[in-house]
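K.L.:
When you get a sec, could you give me coordinates for this:
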Amino acid sequence: MAQEVIQYLGIPIPPLPKSLIPIVEPNLAALPHSQDYTHLGLEISMQNLIAGLTQVEPESIQLSDPPKEIAADYALACHPLAKSLRINPVEIANSIADQINLGLRPDLIERVSAQDGFINFFIDNNLYGEKVLQEIETGRDSYGAQNIGEGKKVVIDCSAPNIAKYMSVGHLRSTVIGESLHRIYQTLGYTAIRDNHLGDWGTQFGMLGYAYEKWRDEIPEFEEGGDSIKGFYKLYVRIHEEVEQEEEEHPDNESSLRKAGKGWFQRLENGDPAARRLFNWAWGASIKEFQRVYDLLGVEFEYTLGESFYVDQGMIPNVVNALKQNGVAKTDEKGAVVIPIEETKLKPLIIQKSDGTSLYATREIAALVCRIAWFNPASILYVVGADQKGYFQQVFAAANKITAGKGPDLKHIYFGMVSLPEGKMSTRRGRLVFLEDMLNEGVSRAKQRIQETNRNFSETEMVEVARQVGIGAAIYFDLGQSRERDILFNWDHALSLESNSAPYIQYTNARTHSILERAEEKGITIDFDQKVVFSLPEEQMLIKQLAKFPDTIRRAQDINQPSVIAEHLLSVATLFNQFYQKTNVINEQDPVKRNTRLRLITAVSQVMKRGLYLLGIEAPNRM
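P.N.:
The predicted model follows:
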């Protein structure tokens, strides 16, 4: 429907550029449904059973983990049902438990008890565990995948650095959150498309262009073979320092340098050849600079379309004129073109200044219109910092008006700031920590720790594992906590083997491989068809946590929160280490118990590897 609205507005749409990498559409026929998984299926069957007995909606039945002092597997508090049923919760619990025990028990439920208005469910651990292991062994690298999205398209706007600058530590969050969400959505049956919407237009580049013409002879990096991005960065810092000084000395007047920058940007918008040559040079150098960082992080994009793409395609005047002609936008008393947002308290969204130049919001609307026309997405996720909340409220309200309420679901996936112990970063003041330098420092620290603790690695293997651990540590430090939080980055914590960190989880996974290798060396083969016996509480807790992995992926997508997966992995790793410390595996004399434990360890490795992948982190087999 949104595509029809765009067509009705008469906005010419440029052809869809060729994608940098193929857009992957999920094989929906191969994806299981949520209820096909043991944990989710059992919860759904219990909800339906209780709903049938009480005549309430299944969605209102909220199962949970029981208190620690109750040795059950699931619990249901009947107190919320008491209000609608007008019956004492104790009576409800007793009645339901009696009926279930009389022969209505779902498969896998061994018995049910009632206590103080709660229903406690006890599963058949061996039967339950065997089904879970079979699902993991069958699914392998696709375990947890589900057909929730049904192929619907989701565009993820993420990373989005500005050209002619280095990527800073501040770009880490948008980049890795966006990459993780792409993997999560793709796993759940969506067609996820990453669009790196580069900041490459506007007054800021105009100021840089003016600075280049004024001071370029003083910058040795602009000589042949020099680091041009470093040169542009020096100019950026210098012009903003001088603008700030001018405006402090003359607070009532706009800086002459700022005015000159605006004039240079108008030259660029008007197609001045010299301005365009400088822009193209800066753009090409920036892409190479960014790609080194993306390669380190293991991040890819289906599209990298800067603001300039929509300018070059003539989209800006087309969008402005079409919206004016259709009454969506109007010219205000100062001569600017705005989209009024009458139904809210938000200010109108300005899409053209009184001098005729465009704004960031203009290019944002052009990109939105194109994405709707090209992809017909079900939703668009904007992975951008929390400081842009107000701006996106304006853009989303304007978009709703443009699409007559028939557009895709637009979501601002906001996140807090990241800072380092050195203090607050500022591009304009030259206080910037480059993301590439930070990542390389992580790799260097990881290599040093490997050298201190393990002398059995070849140099090649050491370099590779250090890369996996150092980069993984940086990504997990970000994704391992709620994205809304501000982060103070700390390498000691990020690289710890004894805390909530990627190395802790990676090392646990490497430990599973070590156990399985030792079993193989002793000639012990795993029989995947043999019945299982989960005789220890540690085994039972671990298998239940593995069973929750598909639901974890679904919850992470539902709230666009990769930390949900990180929390799950931490729990699996912690439970596994408790199991490992208390359990004999290789030397277990009972062949059935030994085989069960080896299958369980194989499943743990599979889930941790899969979970780390969804976070964009690699899983080395040795550490």
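K.L.:
which stretches of the stretch 151-300 of the chain form strands?
P.N.:
With DSSP state E, counting those that start in this stretch as the criterion, the stretch 151-300 of the chain has strands at 153-157, 191-196.
K.L.:
make that the chain, sorry
P.N.:
Secondary structure of the chain (DSSP state E): strands at 63-64, 74-77, 109-115, 118-123, 153-157, 191-196, 303-304, 330-331, 337-339, 349-352, 379-382, 409-412, 418-419, 487-488.
K.L.:
Out of those, which gets nearest to Tyr143?
P.N.:
Nearest of these to Tyr143, taken as Cβ to Cβ: strand 191-196 at 19.0 Å. For the C-beta atoms, the positions are set from N, CA and C on the backbone; glycine is no exception.
K.L.:
and the gap between Thr359 and Ile350?
P.N.:
Quick fix: residue 359 reads Leu, not Thr. Going from Leu359 to Ile350 by Cβ to Cβ, to the nearest Å gives 6 Å.
K.L.:
Ala397 too?
P.N.:
With Cβ to Cβ as the criterion, Ala397 and Ile350 are 13 Å apart.
K.L.:
Over to Phe549?
P.N.:
For Phe549, the distance to Ile350 equals 47 Å [Cβ to Cβ].
K.L.:
Look at the two and report which has more neighbours.
P.N.:
Phe549 (28 against 19; other Cβ atoms under 10 Å).
K.L.:
Touching, that one and Lys609? I think so.
P.N.:
No: between Phe549 and Lys609 there is no contact under Cβ atoms under 8 Å: 11.5 Å.
K.L.:
sorry, back to before: possible to save the strands of the chain as CSV with mean pLDDT?
P.N.:
Formatted as CSV, those follow (pLDDT from 0 to 100):
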stretch, mean pLDDT
strand 63-64, 90
strand 74-77, 92
strand 109-115, 92
strand 118-123, 94
strand 153-157, 98
strand 191-196, 98
strand 303-304, 98
strand 330-331, 96
strand 337-339, 97
strand 349-352, 96
strand 379-382, 98
strand 409-412, 98
strand 418-419, 86
strand 487-488, 92
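K.L.:
possible to save those as JSON lines with distance to Glu91?
P.N.:
Formatted as JSON lines, the strands of the chain follow (distance: least, Cβ to Cβ, whole Å):
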{"stretch": "strand 63-64", "distance to Glu91": "20"}
{"stretch": "strand 74-77", "distance to Glu91": "14"}
{"stretch": "strand 109-115", "distance to Glu91": "10"}
{"stretch": "strand 118-123", "distance to Glu91": "12"}
{"stretch": "strand 153-157", "distance to Glu91": "46"}
{"stretch": "strand 191-196", "distance to Glu91": "49"}
{"stretch": "strand 303-304", "distance to Glu91": "60"}
{"stretch": "strand 330-331", "distance to Glu91": "64"}
{"stretch": "strand 337-339", "distance to Glu91": "58"}
{"stretch": "strand 349-352", "distance to Glu91": "57"}
{"stretch": "strand 379-382", "distance to Glu91": "44"}
{"stretch": "strand 409-412", "distance to Glu91": "43"}
{"stretch": "strand 418-419", "distance to Glu91": "53"}
{"stretch": "strand 487-488", "distance to Glu91": "50"}
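K.L.:
Of those strands, which is nearest Ile96?
P.N.:
Here strand 118-123 is closest among those (Cβ to Cβ), at 5.8 Å.
K.L.:
Which other helices and strands does the closest one contact?
P.N.:
Here strand 118-123 touches helix 38-54, strand 74-77, helix 89-99, strand 109-115, going by 3 or more Cβ pairs under 8 Å, 6 or more residues apart in numbering; DSSP states H and E.
K.L.:
how far is the longest one from where the chain is centred?
P.N.:
Meaning helix 38-54. 31 Å (Cα atoms, centre = their mean, to the nearest Å).
K.L.:
Give me the contacts around that helix.
P.N.:
34-35, 57-61, 63, 74, 76, 81, 85, 92, 95-96, 99-100, 104, 106-109, 119, 121, 123, 128, 131-132, 135, 544, 547-548, 550-551, 554 (Cβ atoms under 8 Å, 6 or more residues apart in numbering).
K.L.:
average pLDDT for it?
P.N.:
Summarised as a single mean, pLDDT over helix 38-54 is 92.
K.L.:
quick check: angle from that helix to strand 118-123?
P.N.:
140 degrees (axes from the mean of the first three to the mean of the last three Cα atoms, to 10 degrees).
K.L.:
The chain should start at 53 in everything you say after this.
P.N.:
All right, first residue 53 from here; so that's helix 90-106.
K.L.:
residues of helix 90-106 that come out buried?
P.N.:
For helix 90-106, a neighbour-count test (16 or more other Cβ atoms under 10 Å) marks 90-99, 101-102, 106 as buried.
K.L.:
Relative to Gly315, which of those residues is nearest.
P.N.:
Closest to Gly315 out of the buried residues of helix 90-106 is Leu92 (60.9 Å), distances taken as Cβ to Cβ.
K.L.:
Look up the closest residue to the closest one, ignoring the ones flanking it.
P.N.:
Ser86 (4.8 Å; Cβ to Cβ, 6 or more residues apart in numbering).
K.L.:
now do Glu109
P.N.:
Ala103 (6.4 Å).
K.L.:
quick one: the closest residue to Ala526 other than its chain neighbours and Leu224, what's the gap?
P.N.:
Distance criterion Cβ to Cβ, 6+ apart; nearest residue to Ala526, sequence neighbours excluded, is Gly494 at 5.1 Å. Gly494 sits 11 Å away from Leu224, going by Cβ to Cβ.
K.L.:
okay, and the common contacts of those two?
P.N.:
Listed as contacting both Gly494 and Leu224 by Cβ under 8 Å, 6+ apart are Ala526.
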